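>>> no sequence on this one, just coordinates:
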């Protein structure tokens, strides 16, 4: 579920970002103006003086019909400029061919002056008006830019992202609750094991004074509940230490429980020597289980989650 939440969150975020940028102000222009702007040539060649001669208004103030008329005239002027430029280039090539026999030294002397003059003219010349400037002049008139956002797409994307956030928060809460449950069960494991060690040692020390019936009552009242509590909370060992440590601890615990059960059966039959032998072996297995648990808690070769 956490992976699903991450996927929904990022999918919604990316989709909303795309939705907010997929549409331009250009798309809000009337169809007539867009068709006019599409007709503008890429190499539009017209400067501000020529544009001022066509209209006395700024491009932003023109109506759609006026703007269309100005664009058509600007395209015609641009075509004339391109044609004139091509003619000038042809004349220059002819002039270069006729003057090819001139002295090279005079060409070198005149070249710097010509280049300086050209640079001066370019610096002082009027700024050119490009096709993009025509488009910008129309889009700057649009005061309300909110319609450029496709709200249905944006809203659905936001909902997907919100669903991802909700899933992540719920999984985080579940994980927190699970951690709390594991901590509680692990506390039960440690307390039960401690009680079992104390109880088995106490039983082993008092066997000489107890009758078989008292042994049975001691096992049923003092040991059996702790064995049950440990078994019910054993899954916390898997969560804390993993399967291998769990198997090692549970092997010792199961052996201890088996010997206690055998001691109970021996006490019921009146064989106290068998009871003592089983109780001692059960105590040894419990001590080994406690040593393993302490070692795993201290991190000896085990990763604690």
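Yep, that arrived. The structure presented is a predicted model; accordingly, all values stated were derived computationally and were not measured. Residues are numbered from 1 along each chain as shown.

>>> was I right about residue 278 contacting residue 257?
No: using Cβ atoms under 8 Å as the test, residue 278 is too far from residue 257 to be in contact (11.1 Å). Yep, even glycine has a C-beta here, placed from its N, CA and C like the rest.

>>> If we go by neighbour counts, what in stretch 188-196 is buried?
Residues of stretch 188-196 classed as buried by neighbour count (16 or more other Cβ atoms under 10 Å): 188, 189, 190, 192, 193, 195, 196.

>>> Would you agree the first one is in contact with residue 230?
Yes: Residue 188 sits in contact with residue 230 when judged by Cβ under 8 Å, with a separation of 7.4 Å.

>>> just the helices in the chain please.
2-21, 31-38, 48-54, 64-98, 104-124, 131-139, 151-205, 212-218, 224-232, 235-241, 243-269, 272-297 (DSSP state H).

>>> Check these for me: which has the lowest mean pLDDT.
Mean pLDDT is lowest for helix 104-124 out of the helices of the chain, coming in at a mean of 45.

>>> returning to that earlier point: name the residues contacting each of residue 188 and residue 230.
Contact criterion Cβ atoms under 8 Å, 6 or more residues apart in numbering; residues shared by residue 188 and residue 230: none found.

>>> so how far is residue 257 from the closest residue to residue 260 other than its chain neighbours?
Spatial nearest neighbour of residue 260, chain neighbours left out: residue 282 (4.9 Å); criterion: Cβ to Cβ, 6 or more residues apart in numbering. Separation of residue 282 from residue 257 (Cβ to Cβ, to the nearest Å) stands at 8 Å.

>>> Give me the more crowded residue out of the two.
Neighbour count, other Cβ atoms under 10 Å: between residue 282 and residue 257, residue 282 has more, with 24 against 21.

>>> Please tell me how far that one sits from residue 262.
Where residue 262 is concerned, residue 282 sits at a distance of 9 Å (Cβ to Cβ).

>>> cool, and residue 207?
Taking Cβ to Cβ, one finds residue 207 at 14 Å from residue 262.

>>> do residue 45 as well
106 Å.

>>> repeat for residue 186
Here residue 186 is placed at a distance of 29 Å from residue 262 (Cβ to Cβ).

>>> For these two, indicate the residue with more neighbours.
A count of neighbours by other Cβ under 10 Å puts residue 186 above the other of residue 186 and residue 262, at 20 against 17.

>>> how about that one, what does it touch?
233, 236, 237, 239, 240.

>>> Ok, residue 161 next?
8, 9, 11, 12, 13, 16.

>>> what's the answer for residue 280, then?
The contact partners of residue 280, by Cβ under 8 Å, 6+ apart, come to residue 204.

>>> ok, it to residue 140 distance?
Applying Cβ to Cβ, the value for residue 280 to residue 140 is 95 Å.

>>> go on, residue 225?
According to Cβ to Cβ, residue 225 stands 83 Å off from residue 140.

>>> Specify which residue of the two has the higher count of neighbours.
Legend: neighbour count by other Cβ under 10 Å for residue 225 and residue 140, higher for residue 225 (14 against 11).

>>> got a list of what the spatially most central residue of the chain touches?
When Cα atoms, centre = their mean is applied to the chain, the residue found nearest the centroid is residue 10 (5.6 Å). By Cβ under 8 Å, 6+ apart, the contact set of residue 10 is residue 164.

>>> What of residue 262?
Counted by Cβ under 8 Å, 6+ apart, residue 262 has contacts 274, 278.

>>> measure it to residue 80 for me?
Residue 262 sits at a distance of 114 Å from residue 80 (criterion: Cβ to Cβ).

>>> I'd like the buried residues of stretch 188-196 laid out as JSON lines, including distance to residue 251.
As requested, the buried residues of stretch 188-196 are exported to JSON lines (distance: Cβ to Cβ, whole Å):
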{"residue": "188", "distance to residue 251": "20"}
{"residue": "189", "distance to residue 251": "15"}
{"residue": "190", "distance to residue 251": "18"}
{"residue": "192", "distance to residue 251": "17"}
{"residue": "193", "distance to residue 251": "14"}
{"residue": "195", "distance to residue 251": "20"}
{"residue": "196", "distance to residue 251": "15"}
